[in-house]
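Enquirer: Fold the stuff below for me.
(one chain, ligands or ions: 3)
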Amino acid sequence: MTAASPVTVPSLAAMKAGGQPITMLTAYDASFARLLDDAGVDCVLVGDSLGNVIQGRDSTLPVTVDDMAYHTQAVRRGLERALLVADLPFMSYHDQASAMASAAAVMRAGAQMVKLEGGAAHAGTVAALVANGVPVCAHLGLTPQHVHQLGGYRVQGRDEGPARRLKADAELLAEAGAGMLVLECVPAPLAREVAESLSIPVIGIGAGSEVDGQVLVLYDMLGVSPGRSPKFVHDFLADTGDVRQALAAYVAAVRERRFPGPEHAWQ
Ligand SMILES: Nc1nc(=O)c2c([nH]1)NC[C@@H]1CN(c3ccc(C(=O)N[C@@H](CCC(=O)O)C(=O)O)cc3)CN21
Ligand SMILES: CC(C)C(=O)C(=O)O
Ligand SMILES: [Mg+2]
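Expert: Numbers count the residues shown, from 1 in each chain. Ligands and ions are numbered 1, 2, ... in the order given. Predicted coordinates for the structure are as follows:
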């Protein structure tokens with residue numbers, strides 16, 4: 001048997017165009033990365049959520065580029081097929097020079113795309129990264145690096161003004177060359193509208209099922225994250241009792257658009 005062909009930025013765009021849902025999960029080490037790859041997860045994200053689930057902190061703000069590079073190297077060694085995306089952490093892309101240096105560090109560690117949080121203010125940075133060969137995934141809606149401005153982890157884009165701003169930001173980032181967009185904690189109808197209006201894949205977390213793919217934090221979908229889980233989380237390990245089966249169940253549920261259900265989303 002030949003190995004499945006590797007997932008690429010163009011192949012993800014083709015999945016969207018063909019109406020095939022994209023599966024994404026976080027991973028932080030080689031062992032889980034291998035299990036995700038074997039389960040057919042399309043994109044593996046080394047998320048700055050490692051601040052919460054690996055380091056035990058109460059936000060993502062203390063995470064450094066060195067932390068991201070360390071975990072990206074580990075995950076790289078576990079993957080054969082999935083596309084490896086790494087978050088740029090808090091204040092590591094505040095100007096173009098810092099964004100280039102941070103992206104270089106995680107790309108050298110094995111990432112194939114970087115993800116950054118924020119809207120119009122970052123369009124120039126996105127264009128500069130893309131011009132230098134760094135694929136970029138944008139991240140809008142609930143952007144956890146802005147938790148102290150947002151006043152907590154809350155649904156975003158409920159009111160007309162913020163919803164209009166989010167749509168404009170999404171268009172600007174796509175025009176700047178972003179190859180993918182994560183929408184976190186936004187009403188499902190707004191996420192659907194953004195996914196329909198853009199040609200790049202839109203990956204949701206707490207954004208309903210009518211987007212082009214789904215992402216969750218691995219430890220949330222295995223039910224091992226401490227504390228109360230956000231509304232958009234489902235514990236697939238509780239259903240199956242086995243890690244490999246939980247991953248397979250997640251992949252199948254996303255591909256068949258059985259996850260997320262209405263109970264995991266906001267209207
Ligand atoms: N383990 C983990 N899972 C995550 O999804 C995650 C992290 N860590 N760390 C970084 C951010 C923080 N995230 C969060 C954290 C909490 C909520 C949350 O509790 N949201 C409320 C929304 C309440 C409302 O506005 O109605 C919820 O009930 O889901 C959402 C996203 C997402 N990211
Ligand atoms: C929740 C996902 C989208 C993320 O940014 C992370 O894990 O850090
Ligand atoms: Mg993140």
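
Enquirer: give the contact list for the nearest residue to F232 once chain neighbours are set aside.
Expert: Closest residue to F232 apart from its sequence neighbours, by CB to CB, 6 or more residues apart in numbering: G206 at 3.4 Å. Glycine gets a C-beta too; all of them are placed from N, C-alpha and C. Counting by CB atoms under 8 Å, 6 or more residues apart in numbering, G206 touches 141-142, 155, 184-186, 230-232, 260, 264-266.

Enquirer: For the residue in the chain that ligand 2 sits nearest to, grab the count of nearby residues.
Expert: With CB to the nearest ligand atom, the shortest gap between the chain and ligand 2 falls at G47, namely 2.2 Å. Burial of G47 is recorded as 28 neighbouring residues (other CB atoms under 10 Å).

Enquirer: Surely it touches T26?
Expert: Yes - using CB atoms under 8 Å, G47 and T26 qualify as a contacting pair, with a distance of 4.2 Å.

Enquirer: what mean pLDDT does the host helix or strand of A168 have?
Expert: Taking DSSP states H and E as the criterion, the element that holds A168 is helix 160-175. Across helix 160-175, pLDDT averages out at 98.

Enquirer: between the helix or strand containing T125 and helix 160-175, how big is the angle?
Expert: Here T125 sits within helix 123-131, counting by DSSP H and E. Counting by axes from the mean of the first three to the mean of the last three CA atoms, to 10 degrees, helix 123-131 lies at 20 degrees to helix 160-175.

Enquirer: Give me the distance from helix 123-131 to the chain's centre.
Expert: 19 Å (CA atoms, centre = their mean, to the nearest Å).

Enquirer: And for stretch 108-122?
Expert: Put simply, stretch 108-122 sits 10 Å off its chain's centre (CA atoms, centre = their mean).

Enquirer: ok, now stretch 159-168?
Expert: What separates the centre of stretch 159-168 from the centre of its chain is 21 Å, taken as CA atoms, centre = their mean.

Enquirer: now what about it, what contacts it?
Expert: For stretch 159-168, the external contacting residues (CB under 8 Å, 6+ apart) are G119, A120, L140, G141, Q156, G157, V186, P187, L190, E193, V194, S197.

Enquirer: how much space is there between the closest residue to G213 other than its chain neighbours and M180?
Expert: Take G213 and drop its neighbours on the chain: the residue closest to it by CB to CB, 6+ apart is I22, 2.9 Å away. When CB to CB, to the nearest Å is the yardstick, I22 and M180 sit 9 Å from each other.

Enquirer: Secondary structure element for the residue lying closest to E263 once chain neighbours are set aside, which one?
Expert: Spatial nearest neighbour of E263, chain neighbours left out: K231 (7.7 Å); criterion: CB to CB, 6+ apart. Under the criterion of DSSP H and E, K231 resides outside all helices and strands.

Enquirer: List buried residues within the contacts of stretch 159-168.
Expert: Buried members of these, counted by 16 or more other CB atoms under 10 Å: G119, L140, G141, Q156, G157, V186, P187, L190, E193, V194.

Enquirer: In space, what's closest to the first one - neighbours in sequence excluded?
Expert: Looking back up the chat, that one is G119. Nearest non-adjacent residue to G119, counting by CB to CB, 6+ apart: D169, 3.2 Å away.
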